[in-house]
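Trainee: I'd like to go over a predicted model; first the sequence, then the structure.
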There are 2 protein chains.
Amino acid sequence: MASYHHGDLRRVLLGTAADAIAESGPAALSLRELARRAGVSHAAPAHHFGDKAGLLTAFATQGFDLLADALRQAGDDLLDTGVAYVGFAVRHRAHFDVMFRPELYRAGDPELAAARARSGELLRGGVARHTGREPDADALAAWSIVHGFATLWLSGALPPRVGDDPEAAARTVIRRLFD
Amino acid sequence: MASYHHGDLRRVLLGTAADAIAESGPAALSLRELARRAGVSHAAPAHHFGDKAGLLTAFATQGFDLLADALRQAGDDLLDTGVAYVGFAVRHRAHFDVMFRPELYRAGDPELAAARARSGELLRGGVARHTGREPDADALAAWSIVHGFATLWLSGALPPRVGDDPEAAARTVIRRLFD
DNA sequence: CGCGCAATCTTGTCATCGACAAGATGACAG
DNA sequence: CTGTCATCTTGTCGATGACAAGATTGCGCG
């Protein structure tokens, strides 16, 4: 074993990174630990991603793509879009944790910027369809409330009384925005 | 020089940590770098804080106290309270960055829990006074929207069109919640 | 078929870091 | 003046990220 040409290392490393980050956060991520889990040498990850920031750049890009998928699947309804945003954050906690921490990766990377723009467009589109108004302020308010709820939920800062179903709680909260 | 008994090391280290974290984020924080900036030996910080998590626990505690001060100064108006929350995040970026990342510190620390409870009470109080309703859902929505806006602002994710005055933009956004 | 080339992965190394242990210094009490 | 204790230093260890150099393998091209 330890055969050269693993063949799928890049994809495996990204998957392993998701597990590791979900367990202990992006700060505790270690390239060598990833290599160990994947059964390759300690320097193998560097070949595919250059360095740690490179790996996290690829990881964040994957995250923005996954978010775009989730928002597309949610359909046209703004409430559903918001719930889907929170659902994405909970289900892909590791990606979400990295995506909005640009000091961890290369925010100027073209692929990443493209993926981020795609998901941002989906978010703004949903808001525009719902309100009919100039979407700027409404989109910002909607984005803020779902992003804030997701962040607070993931950080464990919310009191237990909120319950254990983040998407149901998010639905209630988002509704306050359109009372 | 290198006189023993610096006398004020603990406070100086917390201040230096604020600078360092504001520059490169909590992940890049190095105890040895703090020691260098403070002009003490590489092991001096450990004496006061035990380890890195200990330092960040103290730092987060200080943050929750600063947040409570800021909310108190904002007075009774809910809109002002929300704007103050965002203002705190922008003005004390380093503290805010750490406070809601419990994997970096000892979330169970008694002093920290007390400080967090104090600031949380101020937040909930402001909402209850404003709406008169059962504060749970309203408080959660208000907290989410200001926390989300602050987080997005700090992460640089917001489009330039939002402007360069976070508190003014926050005021506009929060108003959407009570239209 | 086989030769060379390039992508993939390994081994080795260095500076830095967090944590720990042991010792030096000096403030302060009695 | 002396002992005690908090404060700080020096020394060390294992782990990490980054880099350099080399080994292995798949693949195209003659």
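Mentor: That came through fine. Just so it is clear, the model here is predicted, and its values are computed rather than measured. Numbering: from 1, shown residues only, chains lettered A, B, ... in the order given.
Trainee: Just the CA trace of the lowest-mean-pLDDT helix or strand in chain A, in CSV.
Mentor: Ranked by mean pLDDT, DSSP states H and E, the weakest helix or strand in chain A is helix A:110-131, scoring a mean of 87. Extracted in CSV, the C-alpha atoms of helix A:110-131 (Å, rounded to 0.1, in the frame of the first residue of the first chain):
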residue,chain,number,x,y,z
PRO,A,110,-10.9,34.4,-9.1
GLU,A,111,-12.7,31.0,-8.8
LEU,A,112,-13.7,31.9,-5.3
ALA,A,113,-15.0,35.3,-6.2
ALA,A,114,-17.1,33.8,-9.0
ALA,A,115,-18.7,31.3,-6.7
ARG,A,116,-19.3,34.0,-4.1
ALA,A,117,-20.9,36.2,-6.7
ARG,A,118,-23.2,33.3,-7.9
SER,A,119,-24.6,32.7,-4.4
GLY,A,120,-24.9,36.4,-3.7
GLU,A,121,-27.0,36.9,-6.8
LEU,A,122,-29.4,34.1,-5.8
LEU,A,123,-29.9,35.8,-2.4
ARG,A,124,-30.6,39.2,-3.9
GLY,A,125,-32.9,37.7,-6.5
GLY,A,126,-35.1,36.1,-4.0
VAL,A,127,-35.5,39.3,-2.1
ALA,A,128,-36.3,41.4,-5.2
ARG,A,129,-39.0,38.9,-6.2
HIS,A,130,-40.6,39.1,-2.8
THR,A,131,-40.8,42.8,-2.0
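Trainee: after that helix, next one along is what?
Mentor: Proceeding N to C from helix A:110-131, the next assigned helix or strand is helix A:135-155, under DSSP states H and E.
Trainee: The next helix or strand after that next one vs helix B:135-155, what angle?
Mentor: Moving toward the C-terminus from helix A:135-155, the first helix or strand encountered (DSSP H and E) is helix A:166-175. Interaxial angle, helix A:166-175 versus helix B:135-155 (axes from the mean of the first three to the mean of the last three Cα atoms, to 10 degrees): 90 degrees.
Trainee: Counting neighbours, what do you get for the residue of chain A found nearest chain B?
Mentor: Residue nearest to chain B within chain A (Cβ to the nearest Cβ): A:G148, separated by 2.5 Å. Glycine gets a C-beta too; all of them are placed from N, C-alpha and C. For A:G148, the neighbour count with other Cβ atoms under 10 Å in any protein chain shown is 24.
Trainee: Mind pulling the model confidence for the nearest residue to it once chain neighbours are set aside?
Mentor: Closest residue to A:G148 apart from its sequence neighbours, by Cβ to Cβ, 6 or more residues apart in numbering or on different chains: B:G148 at 2.5 Å. Reading off the confidence values, B:G148 has pLDDT 98.
Trainee: B:G148 reaches A:I145, doesn't it?
Mentor: Yes: look at B:G148 against A:I145 with Cβ atoms under 8 Å: they come within range, at 5.8 Å.
Trainee: Please name the residues that touch A:S119.
Mentor: A:S119 is in contact with A:64-65, A:67-68, A:71, counting by Cβ atoms under 8 Å, 6 or more residues apart in numbering or on different chains.
Trainee: mind redoing it with 6 Å?
Mentor: A:S119 makes contacts with A:64, A:67-68, as judged by Cβ atoms under 6 Å, 6 or more residues apart in numbering or on different chains.
Trainee: can you check A:G125 too?
Mentor: So A:G125 contacts nothing (Cβ under 6 Å, 6+ apart).
Trainee: what's the model's confidence in stretch A:70-85, averaged?
Mentor: 94.
Trainee: how near is A:W143 to B:L79?
Mentor: To B:L79, A:W143 is 19 Å away according to Cβ to Cβ, to the nearest Å.
Trainee: Looking at those two, which one has more neighbours?
Mentor: Each of A:W143 and B:L79 has its neighbours counted (other Cβ under 10 Å); A:W143 has more, 23 against 17.
Trainee: who are the neighbours in contact with the more buried one?
Mentor: Contacts for A:W143 (Cβ under 6 Å, 6+ apart) come out as A:L123.
Trainee: Next to DNA strand C, which bits of chain A? Give me the list.
Mentor: Neighbours of DNA strand C within chain A, by Cβ under 7 Å from any atom of the strand: A:2, A:4-7, A:9-10, A:35, A:40-44, A:47-48.
Trainee: hmm, try it at 10 Å
Mentor: Within chain A, the positions near DNA strand C by Cβ under 10 Å from any atom of the strand are A:1-10, A:12-13, A:32, A:35, A:38-48.
Trainee: Point out where chain A drops to low pLDDT.
Mentor: A:1-5, A:128-135, A:179 (pLDDT under 70).
Trainee: What residue spans form the domains of it?
Mentor: A:1-50, A:51-178 (automatic domain parsing).
Trainee: Could you look over these and pick the most buried one?
Mentor: Highest mean neighbour count among these (mean count of other Cβ atoms under 10 Å in any protein chain shown): domain A:51-178, with a mean of 19.
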